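>>> got a sequence here, can you build the structure:
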Amino acid sequence: MKRSDDLLAGLDDIGWAALGHAYGSAEDVPGQLRAVCGPDEEARESAFRSLFSNIFHQGSRYSASPYAVPFLARIAVAGPAGTRADALLLLTRLAVDWHDEYDLPLGIDTAAWRAAAISPEENLRWYDEQIGAETDEERLKNLREGRAYCVAGHPVDAREGALRSYDAVREQLPALLELLGDPDTEIRTKTAYLLGWFPEEADTTLPPLLACLDSERNPVCAATVLVAVGLLADHDPDGRLRRHLDHGHPLLRWAAATALVRLLAARPTAALGLPSAERIAAELAAFGAGPAPAPATAHHAGDLHSYTVRSLMCLMGAAEDPDGVLLEIVRALPRVEETGVVPRPLAVRAGDLLEALFEPADTAPVFAGLSPGRRELLSVLAALLTAADFQSCPFGSDLYERFTRYGLPGTRPALRAYVGLPTDDEDPSAPLPDPWESFRNGRLMSERRGAE
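The predicted structure is shown next:
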């Protein structure tokens, strides 16, 4: 551990008061960083929670966020033992939010992200055009305030603001690479996880990742490295992924299969010499049909069964027998668990599968005429999904709309009747419950009490 003065050198050279975070001025960030490096463990933990909430609040990044990155990187490398892993976690979130849900299994598309982001210069031009044409005084006031906010250096476009933090973390990768050789397994694992989100740095990060893989004995860390290699590489480096597909540990076989899926789907030219889609699907299916491993990698918030289903979906186009892969997906669905990323991951996965497997229609296809994989999928969904899964927002999902778009029954009892399951005395023709009813009733009772 270095002295806090070394870790935080230059901290007071930054005009934190002019920067912002979720709760206003960032003038409290230096104090939080100092507390994170301090000797009091309880104070360190409290300061880190405050810092996390301030500069990464519910996924948002602010003008202060990238300025904190170099200090967090130093803490990750040489800070107090209890703070290093936390610093790596915050660096990952500042870089990529919770992109597990959005970008796995193919990895993050930084080119598309950069193309979609609106620069401060573009925003200023937009504000000037709007101000020049606006005649309403209230709207004019709001536009001028927005322009002043932009001029002050605060991100107006969320994608551009996120990129500032992403690129700030990217600049620190050379210093963080040494952590792949850290004696602490958690540090090595969290570093490998972070590196997988920077495809633009693959030429620099792949060699140390592969060196780590060759020497790593911890299965969770080795699996994390394998997935990171799969997300970054454009080929199978020296056949390492293929060899791990036959590893004795199931988590490493899953990680190798997951990495190979990404290569097959994102880099079709790399398919020559890779195992067949059926071989990879069989490994994923065997993993997906079993209980969740503990411990596991952090990918997809630790819900590796949902990750497996997504990977299998990518394999359907490359398999000689897509319906066979679909049957393997169905085997994995009962294991899909709730995570912090998605409130109802099974409902989300179900919607994705319907979109991939069915064409829009006004009437339901004859159930007996569907392929075995599609029949089995609908039967399993009918058995697993609840009535709440079919409700519309805000309390449910858009599953009703997804089913009815393809002519399929859009309620639980109707779907169960369609596949030949008992409806538990529910009326298949009954409309969906109104998700706003309890809210309206609660508000009505409050209004009545207020009137009384």
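>>> and for Leu272, the neighbour number?
7 (other C-beta atoms under 10 Å). Heads up, the C-betas are built off the backbone N, CA and C, glycines and all.
>>> Ala112 too?
For Ala112, using other C-beta under 10 Å, the count is 9.
>>> show the low-confidence segments of the stretch 1-150 of the chain, by residue range.
1-4, 100-101 (pLDDT under 70).
>>> whoops, I mixed them up, the stretch 251-400 of the chain
For the stretch 251-400 of the chain, counting by pLDDT under 70, the residues that fall below are 337-345, 391-397.
>>> so where do the helices sit in it?
277-288, 304-315, 322-332, 345-357, 372-384, 399-405 (DSSP state H, counting those that start in this stretch).
>>> tally of neighbours for Asp6?
By other C-beta under 10 Å, neighbour count at Asp6 equals 11.
>>> contacts only, for it.
When contacts are counted by C-beta atoms under 8 Å, 6 or more residues apart in numbering, Asp6 touches Arg74, Ala78.
>>> please identify the helix or strand for it.
Using DSSP states H and E, Asp6 falls within helix 4-7.
>>> after that helix comes which helix or strand?
strand 20-21.
>>> and the closest residue to Pro334 other than its chain neighbours, how far from Arg349?
The spatial neighbour of Pro334 that comes closest, neighbours along the chain excluded (C-beta to C-beta, 6 or more residues apart in numbering), is Leu384 at 6.3 Å. Using C-beta to C-beta, to the nearest Å, Leu384 is found at 10 Å from Arg349.
>>> shared neighbours of these two, anything?
With C-beta under 8 Å, 6+ apart as the test, Leu384 and Arg349 both reach Leu333.
>>> these two: which is more packed in?
Arg349 (21 against 14).
>>> and the contacts of stretch 366-382?
Contacts of stretch 366-382 (C-beta under 8 Å, 6+ apart): 322-327, 329-330, 333-334, 350, 353, 357-358, 408, 412, 415-416, 418-421.
>>> helix 304-315 and the helix or strand where Val225 lies, what's the angle between them?
Secondary structure from DSSP H and E places Val225 in helix 219-232. Inter-element angle recorded for helix 219-232 and helix 304-315: 30 degrees (by axes from the mean of the first three to the mean of the last three C-alpha atoms, to 10 degrees).
>>> buried sites along helix 219-232?
219-232 (16 or more other C-beta atoms under 10 Å).
>>> just give me how far that helix sits from the chain centre.
16 Å (C-alpha atoms, centre = their mean, to the nearest Å).
>>> what's the answer for stretch 270-287, then?
With C-alpha atoms, centre = their mean, you get 24 Å for stretch 270-287.
>>> buried stuff in it?
270-271, 274-275, 277, 280-287.
>>> mind giving me JSON lines with those residues and columns for distance to Ile187?
Below are the buried residues of stretch 270-287 laid out as JSON lines (distance: C-beta to C-beta, whole Å):
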{"residue": "Ala270", "distance to Ile187": "31"}
{"residue": "Ala271", "distance to Ile187": "35"}
{"residue": "Leu274", "distance to Ile187": "32"}
{"residue": "Pro275", "distance to Ile187": "32"}
{"residue": "Ala277", "distance to Ile187": "36"}
{"residue": "Ile280", "distance to Ile187": "31"}
{"residue": "Ala281", "distance to Ile187": "34"}
{"residue": "Ala282", "distance to Ile187": "34"}
{"residue": "Glu283", "distance to Ile187": "29"}
{"residue": "Leu284", "distance to Ile187": "29"}
{"residue": "Ala285", "distance to Ile187": "33"}
{"residue": "Ala286", "distance to Ile187": "31"}
{"residue": "Phe287", "distance to Ile187": "26"}
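>>> farthest pair within these?
Ala270 and Ala286 (23.8 Å; C-beta to C-beta).
>>> re earlier: from the contacts of stretch 366-382, keep the buried residues only.
Neighbour counting with 16+ other C-beta under 10 Å marks 322, 324-327, 329-330, 333, 350, 353, 357-358, 408, 412, 415-416, 418-419 as buried within the contacts of stretch 366-382.
>>> tell me how far Leu91 lies from Asp40.
Distance from Leu91 to Asp40, by C-beta to C-beta: 23 Å.
>>> ditto for Cys314
Counting by C-beta to C-beta - Cys314 and Asp40 are separated by 48 Å.
>>> so which of those two has more stuff around it?
More crowded of Cys314 and Asp40, by other C-beta under 10 Å: Cys314, with 20 against 10.
>>> the more buried one and Leu104 touch, don't they?
No: assessed by C-beta atoms under 8 Å, Cys314 is found out of contact with Leu104, at 10.0 Å.
>>> packing partners for the helix ranked longest in the chain?
Across the chain, the helix with the greatest residue count (assigned by DSSP state H) is helix 158-176. Applying 3 or more C-beta pairs under 8 Å, 6 or more residues apart in numbering; DSSP states H and E, we find helix 158-176 packed against strand 60-61, helix 65-78, helix 81-96, helix 110-116, helix 185-195, helix 202-215.
>>> give the other helices and strands that the longest one contacts.
Spelled out, it's helix 81-96. So helix 81-96, by 3+ C-beta pairs under 8 Å, 6+ apart, packs with helix 29-36, helix 41-55, strand 56-57, helix 65-78, helix 158-176, helix 185-195.
>>> one step back: let me know the angle separating the longest helix of the chain from helix 65-78.
20 degrees.
>>> okay, buried residues for helix 158-176 please.
160-166, 168-170, 172-173, 176.
>>> want to throw the helices and strands packed on helix 81-96 into TSV with distance to Phe367?
Shown next, in TSV, are those (distance: least, C-beta to C-beta, whole Å):
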stretch	distance to Phe367
helix 29-36	59
helix 41-55	50
strand 56-57	48
helix 65-78	52
helix 158-176	44
helix 185-195	43
